[in-house]
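A.B. asks: requesting a structural model of the entry that follows:
(one chain, ligands or ions: 2)
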Amino acid sequence: MKEIILAFQGEMALKGLNRATFESTLMKTLRRRLEHLGEFKVYKAQSTMYVEPLDEFADMDGAYDKVCKTFGLASVCRAAVSEKSFEAICNAAEEYLGSALRASRTFKVEARRADKTFPMKSPEIARELGAFLLSKHPHLRVDVKNPQIIVYVEVRDFGAYIHGPKEPGAGGLPVSTSGRAITMLSGGIDSPVAAWMMAKRGLSLHHIHFASPPYTSERAKLKVQSLGQLLCDYTGNTNLYVVPYTEPQVYIRDNAPDVLFTVLMRRSMLRITKMVADRIGCDGIVTGESLAQVASQTLKALACTDQAQSLPILRPLLGMDKTEIVDIARRIGTFETSIMPYEDCCTIFTPPHPKTRPTLEEILAAEEKMTGLAELEAKAAEEAEKIHLRVGDIPPLAAI
Ligand code: ATP
Ligand code: MG
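C.D. replies: Numbering: from 1, shown residues only. Ligands and ions are numbered 1, 2, ... in the order given. All right, here's what the predicted structure looks like:
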């Protein structure tokens, strides 16, 4: 029996004149993400995306998983494809959902006839198919209000489709329809979740990571690479820029008051991020900051970091509790990697009592004295190593 994946649009359907652009971006994204899983044809009709395997070697389980993780889709299901005759529909429904019906006590059929040339109307299809399935499974009872299983039949232009319940899709908007930004990706729990949330709103993302060897290890870098790789299922292919940050960081430690160190360092990281962002055409910076989580995330400290450069800083976790962030991290599959031990450049050299209410005046005064910092920052931005992360690659940490 031929099986297909049907994916139904979400918010995108409300996009008026721009809808066609959103749809074609989504189809391109789907095609690219399925490339390594076999031959698939991706097309659309009536707000529905069709993902059709072209031979028996196509990996349908892998494809379904990828489609479920693609932003822009409200719901997804696998369906049996049938010829558009009532007899073929009955046989397909029995073959496809027979075992599920055997395991249920109550059911109903919902039919939708999008192809108005089909001779039976929707209520008639539902009634007659219901009667056919009852004849095959006499233990069943029809329950229109609260059935254990619903058999859906959709008679559409290219064929008839039979499926069980739809699953929720990833929601949001197709990646890259909202522009491009760069995520400051640490190895922690928060920043991968922040990246996922902004990709969900249609941003195409690259990532930047600050490494300070020998204070931070090669393994810490691999961990971030692995997180970026896990995010590829949602973001699509992306680049990770790894900034050699030791020199600027040591310079700040040695040339500024230690109570201001964290905010000065964060401003410095943002300036470097802006330089890389400009070079690769990113119009915003995403971080995993959450209000008051740590000293550098108080309102006063954030106000100081905001002033370091001119790109908008997107902080989707700002109003979220750690438990809410952890829930998402688990759901998107980054949590287990995030909790592996590692050292982050943000946690080295941190003073025991950082100032939680720094003023911009004192920060600017401290920066004025660090006359050699700008050059070190420019050099670090220049030397950022570019690592390609691709959909379908195996996360590097899994092999260790
Ligand atoms: P996370 O769990 O994402 O590491 P955090 O709660 O540990 O966040 P901080 O260490 O203060 O918070 O970092 C705040 C944000 O700064 C991070 O969410 C991330 O966006 C960015 N950041 C921190 N360290 C790095 C790094 N080494 N490279 C790039 N960005 C970083
Ligand atoms: Mg961190």
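A.B. asks: the chain against ligand 2: which residues are in contact?
C.D. replies: S186, G188, D344 (CB under 5 Å from the ion). Just so you know, the C-beta spots here come from the backbone N, C-alpha and C atoms, and that holds for glycine as well.
A.B. asks: again, only this time at 6 Å
C.D. replies: Within the chain, the residues that sit near ligand 2 (CB under 6 Å from the ion) are S186, G188, D344, C346.
A.B. asks: how about TSV for those, with neighbour count and pLDDT added?
C.D. replies: TSV is the format used below for the residues of the chain next to ligand 2 (neighbours: other CB atoms under 10 Å; pLDDT from 0 to 100):
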residue	neighbour count	pLDDT
S186	23	94
G188	21	94
D344	18	82
C346	21	79
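A.B. asks: now for these: which two are most distant?
C.D. replies: Longest distance between any two of those is 8.7 Å, between G188 and C346; criterion CB to CB.
A.B. asks: return the distance of the residue lying closest to E385 once chain neighbours are set aside relative to F158.
C.D. replies: Counting by CB to CB, 6 or more residues apart in numbering, V242 is the residue found nearest to E385 once chain neighbours are left out, at 4.6 Å. Relative to F158, V242 is positioned 47 Å away (CB to CB, to the nearest Å).
A.B. asks: other SSEs contacting the host helix or strand of E367?
C.D. replies: E367 is located in helix 360-369, with elements delineated by DSSP states H and E. Applying 3 or more CB pairs under 8 Å, 6 or more residues apart in numbering; DSSP states H and E, one finds that helix 360-369 contacts helix 261-280, helix 299-306.
A.B. asks: tell me the buried residues in the longest one?
C.D. replies: This means helix 261-280. For helix 261-280, the neighbour count (16 or more other CB atoms under 10 Å) marks 261-277 as buried.
A.B. asks: so it versus helix 299-306, what angle?
C.D. replies: Counting by axes from the mean of the first three to the mean of the last three CA atoms, to 10 degrees, helix 261-280 lies at 40 degrees to helix 299-306.
A.B. asks: now do helix 261-280 against helix 360-369, angle only.
C.D. replies: Using the same axes, to 10 degrees, the inter-axis angle of helix 261-280 relative to helix 360-369 is 70 degrees.
A.B. asks: elements contacting helix 261-280?
C.D. replies: strand 180-184, strand 204-211, strand 238-244, helix 246-255, strand 285-286, helix 299-306, helix 360-369, helix 373-382.
A.B. asks: mind putting those into a markdown table with mean neighbour count, distance to ligand 1 and mean pLDDT?
C.D. replies: Formatted as a markdown table, those follow (neighbours: other CB atoms under 10 Å; distance: least, CB to the nearest ligand atom, whole Å; pLDDT from 0 to 100):
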| stretch | mean neighbour count | distance to ligand 1 | mean pLDDT |
| --- | --- | --- | --- |
| strand 180-184 | 24 | 3 | 98 |
| strand 204-211 | 25 | 4 | 97 |
| strand 238-244 | 21 | 8 | 97 |
| helix 246-255 | 18 | 10 | 97 |
| strand 285-286 | 26 | 7 | 98 |
| helix 299-306 | 18 | 9 | 92 |
| helix 360-369 | 14 | 16 | 96 |
| helix 373-382 | 17 | 12 | 98 |
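A.B. asks: that concludes my questions; thank you for your assistance.
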